[in-house]
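Student: this is a predicted model, with the sequence first.
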Amino acid sequence: MTPGSLCLAIESATPVASVALLRGEQVLAEEQGPSGQHHSENLLPMVDRALTGSRLSLSDLDFFAISIGPGAFTSLRIGLATLKGLAFGRDQLVVPVSTLQALALSGKRAGRLKGSLPVVPMLDARRGEVYAAAYDMDQLAEAEAVERLPSSVYSAEDLMGALPNGGQLIGGGAEVVLSAGLSASDAPFLRETEGVTVPDAVSVGLLGQASMAAGQGVAVDSLVPRYVRRAEAEAQRISRPLE
């Protein structure tokens with residue numbers, strides 16, 4: 001891939017689906033659907049508007065990028081099914097992007113993150129738990145960013161134990177954690193009170209560009225959603241706090 005590679009990015013893991021068309025880091029088009037689980041109705045029209053508005057077609061694309069999870073099970077399946085339909089019979093590769101890393105990068109791009117504490121993107125996993133991970137601020141846009149806290153399912157107590165020095169909470173799951181009684185005396189978490197609650201397709205596309213440049217593109221048929229189910233979460237549970 002060259003720096004000017006043309007990428008169609010899809011984010012469908014959250015209640016607000018979005019689509020973006022990027023040439024390198026240049027955003028050519030961006031579409032965002034309404035809040036709610038209506039991705040099966042909205043994704044294809046958004047893709048069509050992004051392409052036609054840019055006077056491009058699917059055959060012009062160099063590769064695809066998709067938010068692969070964790071997130072809402074049905075929404076992830078709809079996004080992946082849509083992508084496989086678009087890529088059917090074509091030879092373009094696709095880059096699977098962590099939904100949580102895309103959320104963290106969306107927060108950074110929006111100017112919502114400051115300081116040196118780890119960034120902790122999180123989405124509501126229901127039942128008082130969240131999908132979460134942690135990244136260093138300076139690695140958010142990197143293809144191989146190290147997860148300082150593994151992507152998994154956590155309760156507020158889990159996070160307090162795993163992040164004794166705190167972190168910058170961002171995303172719709174922050175309210176779940178903070179409503180569980182977490183106080184400033186427990187850990188110096190910074191709350192993102194306004195702005196970014198879900199990732200956007202532009203961030204998915206930017207991470208896709210970085211990953212494709214690193215040779216991480218795969219055949220679309222090999223993709224499966226990353227649900228991070230409870231059994232997987234338990235297997236990934238860390239044995240010591242993040243230092």
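Tutor: Now that the structure is in, tell me what you want to look at.
Student: switch to C-alpha atoms for all contacts and neighbour counts from now on
Tutor: Will do.
Student: where's the spatially most central residue of the chain relative to Leu51, distance?
Tutor: The chain has Thr99 as the residue nearest its centroid, 2.0 Å off, counting by CA atoms, centre = their mean. Distance, Thr99 to Leu51, using CA to CA, to the nearest Å: 23 Å.
Student: same check, this time on Val176
Tutor: To Leu51, Val176 is 37 Å away according to CA to CA.
Student: could I get the contacting residues of the nearest residue to Ala180 once chain neighbours are set aside?
Tutor: Excluding its sequence neighbours, the residue lying closest to Ala180 (CA to CA, 6 or more residues apart in numbering) is Ala156, at 6.6 Å. For Ala156, the contact set (CA atoms under 8 Å, 6 or more residues apart in numbering) comprises Glu129, Val176, Val177, Leu178, Ala180, Leu182.
Student: among those residues, which one has the lowest pLDDT?
Tutor: Among those, Leu182 has the lowest pLDDT, at 61.
Student: before we move on, back to that, can the contacts of Ala156 go into JSON lines with extra columns for distance to Val224?
Tutor: Converted to JSON lines, the contacts of Ala156 look like this (distance: CA to CA, whole Å):
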{"residue": "Glu129", "distance to Val224": "23"}
{"residue": "Val176", "distance to Val224": "27"}
{"residue": "Val177", "distance to Val224": "28"}
{"residue": "Leu178", "distance to Val224": "32"}
{"residue": "Ala180", "distance to Val224": "32"}
{"residue": "Leu182", "distance to Val224": "35"}
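Student: narrow the residues you listed to those in strands?
Tutor: Counting by DSSP state E, the contacts of Ala156 place Glu129 in strands.
Student: in CSV, list the contacts of Ala156 along with neighbour count and distance to Phe64.
Tutor: Listed next are those as CSV, based on neighbours: other CA atoms under 10 Å; distance: CA to CA, whole Å:
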residue, neighbour count, distance to Phe64
Glu129, 20, 31
Val176, 21, 32
Val177, 22, 33
Leu178, 14, 36
Ala180, 13, 38
Leu182, 16, 39
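Student: among the contacts of Ala156, which ones are in helices?
Tutor: The helices, defined by DSSP state H, take in Val176, Val177, Leu178 from these.
Student: so who does the second one touch?
Tutor: For Val177, the contact set (CA under 8 Å, 6+ apart) comprises Gly128, Glu129, Val130, Ser155, Ala156.
Student: so what's the gap between stretch 128-136 and the chain middle?
Tutor: Here stretch 128-136 is found 12 Å from its chain centre; the criterion is CA atoms, centre = their mean, to the nearest Å.
Student: perfect, I'm done here.
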